[in-house]
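>>> need a 3D model of the following:
(one chain, ligands or ions: 1)
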Amino acid sequence: MRSSIKIGKISGISIAVHPTWLIAVIFIAWTIASLFERSFASWSTTQYWTGAIVGSLALFASVLVHELAHSIVAQRIGLPVDGITLFIFGGVSQIRGRYSRARDEFWVAFAGPASSLILGALFLLTWTWLRPDRGDPSLLLGIIFYLGFMNIALGVFNLLPGFPLDGGRVLRSAVWALSHNESTATRVAAGVGNVVAWGMIGLGVYRFLDGDTVGGIWMAFIGLFLQSASRGERQAEQVRRAGPHVPLRAAIQRTPQIVEADERVSDVMERVVSRGFQQVVPVIDDGVPVGFFTAGDAARFPVQDWVNLSVGAVIDRQQPYAVQLSENAVDVLDALRARNTRYAMVLDGDDVVGVVGIPGLEAVIRLTTHGADASVGQPPPG
Ligand SMILES: [Zn+2]
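Sure thing, here's the model as predicted:
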């Protein structure tokens, strides 16, 4: 997620928080404080609020455990994990690549809710074991009770069959295993997810009208979030299916002017870039591609120095990634993202025939799959 802040690393998985996470921490703390106030009359205001803040942070630690369970199982089956981000609606694991078997998807999806249910059971057992016979529990025990309850709720909620919730993924893997058709499985899971999302929106509105203002709005928002996420999944599936039919040739910048590494920056800027001929210029050194030059590389140096600098000295020199003209745009975009690089040389056999970049690929894929939108299936039920 953009503008997230990295806070650490666990088992090689980087953990980040999105700014919206802070809103959730405050909102949940506020909910806990009023819950404690209603339940434990003997506590002081300081106790309500200490319990609320600690409880809210500990709840997100539980969410992190849930996400780690997904990510670690994904790593075990060989899928790369880009990281975990905590945000306003909880957490998300960025797992890259695709499942090769329904069984793998099942275990990755199921690991999260399973960890929440186990954690919840442990907290509730501790609570039953230590709770006082009479009167209010201690601050710590109050928090433990809350965490037990919330982790169970988290596990159960995530098992709802609403794609992209974990339960939706479990459903998808089951349909996939039974039908042997991944595409059908995605459509079924996204359709059921849409129904669940609208159900939550409806229930949220009902609760709102029934007087539970904040809870109702919150539920409706989660429903809207799920609804847009399930639409996103359907579109991603369309892109995957359209993938082989989106030609790379539509996205490339043809017949690039290739420059030598020892050419002056000032010359190349004047001759190629500033006249708007070309945004990305492949650079070769002794006939070997060594990278790409863009106006951004030049901009890191004062204009008066351009005349003394060679192109080879200002670019990030690395073996440019090369793709064949016969590949499709979707695969090339995935490959560029996976390599964390923005551009690739396009070859036809051994000849350089163009340059391709992420923005161009995204535009072409969006256009192509948007055209496919109307013809793909019926509108989802609900
Ligand atoms: Zn999950």
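>>> the residue in the stretch 151-300 of the chain positioned nearest to the ion: neighbour count?
Here the stretch 151-300 of the chain gets closest to the ion at one residue, residue 166, 4.1 Å apart by Cβ to the ion. (Glycine included, C-beta is placed from N, CA and C.) For residue 166, the number of neighbouring residues by other Cβ atoms under 10 Å comes to 25.
>>> tell me the pLDDT of residue 84.
Residue 84 is assigned a pLDDT of 90 by the prediction.
>>> wait, is it part of a strand?
Yes. For residue 84, which was evaluated using DSSP: H, G, I helix; E, B strand; the rest coil, the result is membership in a strand.
>>> apart from its chain neighbours, what residue comes closest to it?
Setting aside the residues directly before and after it, residue 84 is nearest to residue 67 in space (Cβ to Cβ, 6 or more residues apart in numbering), at 4.5 Å.
>>> that neighbour and the ion, how far apart?
Distance of residue 67 to the ion, computed by Cβ to the ion, to the nearest Å: 7 Å.
>>> now for the host helix or strand of that residue, which elements pack on it?
Assignment of secondary structure by DSSP states H and E places residue 67 within helix 45-76. Using 3 or more Cβ pairs under 8 Å, 6 or more residues apart in numbering; DSSP states H and E as the contact criterion, the elements in contact with helix 45-76 are strand 13-17, helix 20-39, strand 81-87, strand 90-95, helix 102-130, helix 139-158.
>>> now the ones you listed in CSV, with distance to the ion?
As requested, the helices and strands packed on helix 45-76 are exported to CSV (distance: least, Cβ to the ion, whole Å):
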stretch, distance to the ion
strand 13-17, 14
helix 20-39, 16
strand 81-87, 11
strand 90-95, 7
helix 102-130, 3
helix 139-158, 5
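>>> before we move on, the earlier item: I'd assumed residue 110 was in contact with the residue of the stretch 151-300 of the chain closest to the ion.
Yes. Judged on Cβ atoms under 8 Å, residue 166 makes contact with residue 110 at a distance of 7.0 Å.
>>> tally up the residues packed near residue 301, please.
Taking other Cβ under 10 Å as the neighbour definition, residue 301 ends up with a count of 14.
>>> can you give me the strands in the stretch 151-300 of the chain?
In the stretch 151-300 of the chain, strands defined by DSSP state E, counting those that start in this stretch lie at 253-254, 259-260, 281-285, 288-293, listed in chain order.
>>> partner strands of the last one, with direction?
It stands for strand 288-293. Strand 288-293 sits in its sheet next to strand 281-285 (antiparallel), going by DSSP bridges.
>>> what pLDDT, on average, does stretch 269-283 get?
Rounded mean pLDDT across stretch 269-283 is 74.
>>> need the strands of the stretch 151-300 of the chain in CSV (columns: mean neighbour count).
Compiled in CSV, the strands of the stretch 151-300 of the chain are given as follows (neighbours: other Cβ atoms under 10 Å):
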stretch, mean neighbour count
strand 253-254, 13
strand 259-260, 18
strand 281-285, 21
strand 288-293, 20
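>>> between the ones you listed, which gets nearest to residue 91?
strand 288-293 (36.0 Å; Cβ to Cβ).
>>> residues making contact with that closest one?
Residues outside strand 288-293 that contact it (Cβ atoms under 8 Å, 6 or more residues apart in numbering): 259, 261, 268, 273, 280-284, 311-312, 314-320, 322, 343, 345, 352, 355.
>>> just to revisit the earlier point, would you single out the least confident of the helices and strands packed on helix 45-76?
Ranked by mean pLDDT, the helices and strands packed on helix 45-76 end with strand 90-95 in last place, scoring a mean of 84.
>>> just the angle between it and helix 45-76, please?
20 degrees (axes from the mean of the first three to the mean of the last three Cα atoms, to 10 degrees).
>>> thanks again, I'm all set now.
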